[in-house]
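Trainee: show me the folded form of this:
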Amino acid sequence: MTDRAPPRFTEFAPDKPRRFWTVADVAPHARGFAVTLDGRTPKSPAKADLVLPTEALARLCADEWNAVAELIEPATMPATRLAFTAIDRIPQAREATADEIAAYAGSDALCYLADSPSSLVERQARAWSPWRDWAARELGVALEPAEGIVHRPQSPEALARVRDLALQLDDFVLAGLGMATPLLGSAILALALQRGALPADTAFDLSRLDEAHQESQWGVDAEAAARTAARRDEARLLERWFTALR
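Mentor: Take a look at the predicted model:
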């Protein structure tokens, strides 16, 4: 067990090296499928080979390397960054990652209902209660809703169940779940996305009902819209990540 905070993304070296390969491809490997750059496998920051458990996930990463124009820009290679996190950091941080996912379940966004206005209250109840029911039925995770912002503790059994579900996952799936949970503010939505029960856009929209309501009342500026679009892109990447791992 470790007390270190769970990882987000592993970054590349900061000097942004130039593209040095002609073609990125995928090749069978003893541990799965390797990304290859003109036949050679790139290394993670910790000097491990970029080897993925499925061909589909390796191709998702290889496509990012093929899309590099001149400089290697980490921000444009989210699947590769997440793969490096799964390879370099998750094995030493599995317990901490599962603990954080369970902590999000303890204050899950789907459990905090607005007390006004009535239009938002009704919208949250209609949109969120089916997914709390889904978690209880499909995952064995029964979380209780509360009205307003006052914290309502969840049962230790429910939180332990979320933690166990996280620890049952392999390093690559756990890395994705560790990213999805804080992105959505909800362990329920993250687990639904991971299991293919929700598409990315729907999960993301459910996670930001409050924001969308505020935007409908007050409008949205360009900077906020850009942040929302970037977060939505992260959710879509995670959907591709989880799909490629199935």
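Trainee: for stretch 191-203, buried residues please.
Mentor: Buried positions in stretch 191-203, judged by neighbour count with 16 or more other Cβ atoms under 10 Å: Leu191, Ala192, Leu193, Gln194, Arg195, Ala197, Leu198, Ala200, Thr202, Ala203. All C-beta atoms are positioned from the backbone trio N, CA, C, and that covers glycine.
Trainee: sorry, slip of the keys, the one I care about is stretch 148-164.
Mentor: Quick answer for stretch 148-164 (16+ other Cβ under 10 Å): Gln154, Ala158, Leu159, Arg161, Val162, Arg163.
Trainee: check contacts around Leu245.
Mentor: Applying Cβ atoms under 8 Å, 6 or more residues apart in numbering to Leu245 gives the contacts Pro53, Thr54, Ala56, Leu57, Phe172, Val173, Gly176.
Trainee: low pLDDT regions in the protein?
Mentor: 1-15 (pLDDT under 70).
Trainee: which parts of it are strands?
Mentor: 24-29, 32-37, 51-52, 112-113, 146-147 (DSSP state E).
Trainee: adjacent strands (with direction) for the third one?
Mentor: The strands that strand 51-52 pairs with in its sheet are strand 32-37 (antiparallel) (by DSSP bridges).
Trainee: for the strand it pairs with, list the C-alpha coordinates in CSV.
Mentor: Extracted C-alpha coordinates of strand 32-37, given in CSV (Å, rounded to 0.1, in the frame of the first residue of the first chain):
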residue,chain,number,x,y,z
GLY,A,32,0.3,-8.0,-25.8
PHE,A,33,0.9,-5.5,-28.7
ALA,A,34,3.7,-3.0,-29.0
VAL,A,35,3.6,0.3,-30.7
THR,A,36,6.5,0.5,-33.2
LEU,A,37,8.2,3.5,-34.8
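Trainee: tell me which residue is most central in this structure.
Mentor: Ranked by distance to the mean C-alpha position of the chain (Cα atoms, centre = their mean), the top residue is Ala180 at 2.3 Å.
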